[in-house]
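Q: Provided below are the primary sequence and the corresponding predicted coordinates.
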Amino acid sequence: GNSVTQMEGPVTLSEEAFLTINCTYTATGYPSLFWYVQYPGEGLQLLLKATKADDKGSNKGFEATYRKETTSFHLEKGSVQVSDSAVYFCALSSLGGGADGLTFGKGTHLIIQP
Amino acid sequence: SAVISQKPSRDICQRGTSLTIQCQVDSQVTMMFWYRQQPGQSLTLIATANQGSEATYESGFVIDKFPISRPNLTFSTLTVSNLSPEDSSIYLCSVRGFTTNEKLFFGSGTQLSVL
């Protein structure tokens, strides 16, 4: 079956530090990959996605590259801000047409200190 | 984008009772899903809510425990029945629209605590 593994949290960084949150996956076929973010008191929001190998998703300064050879989709940001504090979920969808839901990782709680 | 209103946002229930959670979307959507997020765990898909027919449940989830309704393309309910402390979780509604095929929108969740 499908599975997503992401680094355990919480991850605590200082403002302007470089961020990497690791995500690896197991899936049959050619999944689409996603990063969702959940800010305190809010629902999950799609942060970025990639639908095929070597695609790079980017949004709000965050980037992630779909690496089929290493089955990874690591989230990076060059300079984090306090407002980036949230829980980040890596996820995959194994059906291209999206008929089913997603398989999520456990989430990584990111804390940015001023 | 779809705007989702999920109610209640939180509740505290007694063992043996039931809680019904509502999910209202501001536009018609193709797919509606219900997820559970247990403390310290990932989101787990409970079921797909099908309009006008019985929901499709994932392995480990049954209709008697998690009855779901979806009377139209903008509304669904999830009931968690015969509550036990193990049901204490966050329950999330999510939807997929007609035009954004792979993008899921999420409600803000319902935090359930069972005493």
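A: Thanks, I have the structure now.
Q: how far does stretch A:69-85 sit from its chain's centre?
A: With CA atoms, centre = their mean, to the nearest Å as the basis, stretch A:69-85 stands 7 Å off its chain's centre.
Q: next one: stretch A:22-37
A: Using CA atoms, centre = their mean, the offset of stretch A:22-37 from its chain centre is 8 Å.
Q: can you give me the end-to-end span of that stretch?
A: End-to-end distance for stretch A:22-37, by CA to CA, to the nearest Å: 14 Å.
Q: quick one: mean pLDDT for that stretch?
A: For stretch A:22-37, mean pLDDT rounds to 91.
Q: again, but for stretch A:71-79
A: 97.
Q: where do the strands sit along the chain?
A: Let's take chain A. A:3-6, A:11-14, A:19-21, A:23-26, A:32-38, A:44-50, A:56-59, A:62-65, A:75-77, A:86-93, A:103-104, A:108-113 (DSSP state E).
Q: wrong chain, I was asking about chain B
A: Along chain B, counting by DSSP E, strands occupy B:4-7, B:10-13, B:19-25, B:29-37, B:43-49, B:56-57, B:68-72, B:75-80, B:89-97, B:104-106, B:110-114.
Q: lowest average pLDDT across those?
A: Least confidently modelled of the strands of chain B is strand B:104-106, at a mean of 84 by mean pLDDT.
Q: for it, name the packing helices and strands.
A: Contact partners of strand B:104-106 among helices and strands, from 3 or more CB pairs under 8 Å, 6 or more residues apart in numbering or on different chains; DSSP states H and E: strand A:44-50, strand B:89-97. Placement of C-beta: from N, CA and C, glycine included.
Q: cool, thanks, talk later.
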